[in-house]
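Q: kindly generate the corresponding structure for this input.
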Amino acid sequence: MAKRNNIDTKEAILNCLENELEHSSFSAITLSDISKKVNISQGTLYYYYKSKDQMIMDIVKRTVYSSFSDFEEWITNEEKDRSLHRIVKFVLQAMTKIFTIRLSLMEESANNEELRLQLNNLYNSYFDLISKYTADKIEGVDSKYFAELLSFVSDGLLIQKKIGNDKVNIDAIIDYSSQQFEIWFAKK
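A: Here you go, the predicted model:
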């Protein structure tokens, strides 16, 4: 077998952790489990990550920051349809796409102050960006409140998906919500 390079090994570790987070809580996952599944020694794993906290920070960068960057790139592209219903749809789809990771991060942040602060800063930046690009599109409600409301809807969808509520059609709710938010809040 060909020797992996540093980037491949680090990616394999993070891929494994993300996969494990689909089935287990962060606290239940051990570095030993990850090294076995990635087929590397624990010493090699410790070369890349001295602790699970370092790994979780890279997961945040890889998933949540990536989602945020995708939104920022899309919303600042003047060639894109940035109507209110498209903003709502983009945000809800992006936030539910990474639902398992978001739930794991939320759970872990209860016991990890650094992670909690990083997530708070990230969410507040996300709210600010949404608020900035919806302020001229809505009436009757503060754009900051509107951004937070989108997050709460996303969190509710996340919970329904996590508990496996098959009566909740996430895609249909996202489509309906994007249309309804346009009707309820868009400037006439």
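Q: from now on I want contacts and neighbour counts done on CA atoms only, so please keep to that.
A: OK.
Q: lowest-pLDDT helix or strand in the protein?
A: In the chain, the helix or strand scored least confidently by mean pLDDT, DSSP states H and E is helix 99-109, which has a mean of 84.
Q: and the chain, split by domain according to the record?
A: Using automatic domain parsing, the domain ranges for the chain come out as 1-50, 59-185.
Q: point out the most buried one among those.
A: Neighbour counts (mean count of other C-alpha atoms under 10 Å) averaged over each of the domains of the chain peak at domain 59-185, with a mean of 16.
Q: how far does it sit from its chain's centre?
A: 8 Å (C-alpha atoms, centre = their mean, to the nearest Å).
Q: and if you look at stretch 29-41?
A: Stretch 29-41 sits 24 Å away from the centroid of its parent chain (C-alpha atoms, centre = their mean).
Q: where is the longest helix in the chain?
A: Assignment by DSSP state H gives helix 113-134 as the longest helix of the chain.
Q: tell me which helix or strand comes right after it.
A: Where DSSP states H and E defines the elements, the next helix or strand beyond helix 113-134 is helix 143-162.
Q: report the central residue of the chain.
A: Nearest residue to the geometric centre of the chain (C-alpha atoms, centre = their mean): Val64, 4.0 Å.
Q: could you confirm it falls within a helix?
A: Yes - Val64 forms part of a helix when assessed by DSSP: H, G, I helix; E, B strand; the rest coil.
Q: surely Leu21 meets Arg102?
A: No - using C-alpha atoms under 8 Å, Leu21 makes no contact with Arg102, being 10.1 Å away.
Q: spit out the contact partners of the residue lying closest to Val153 once chain neighbours are set aside.
A: Nearest residue to Val153, sequence neighbours excluded (C-alpha to C-alpha, 6 or more residues apart in numbering): Leu92, at 7.8 Å. By C-alpha atoms under 8 Å, 6 or more residues apart in numbering, Leu92 lies in contact with 150-151, 153-154, 174.
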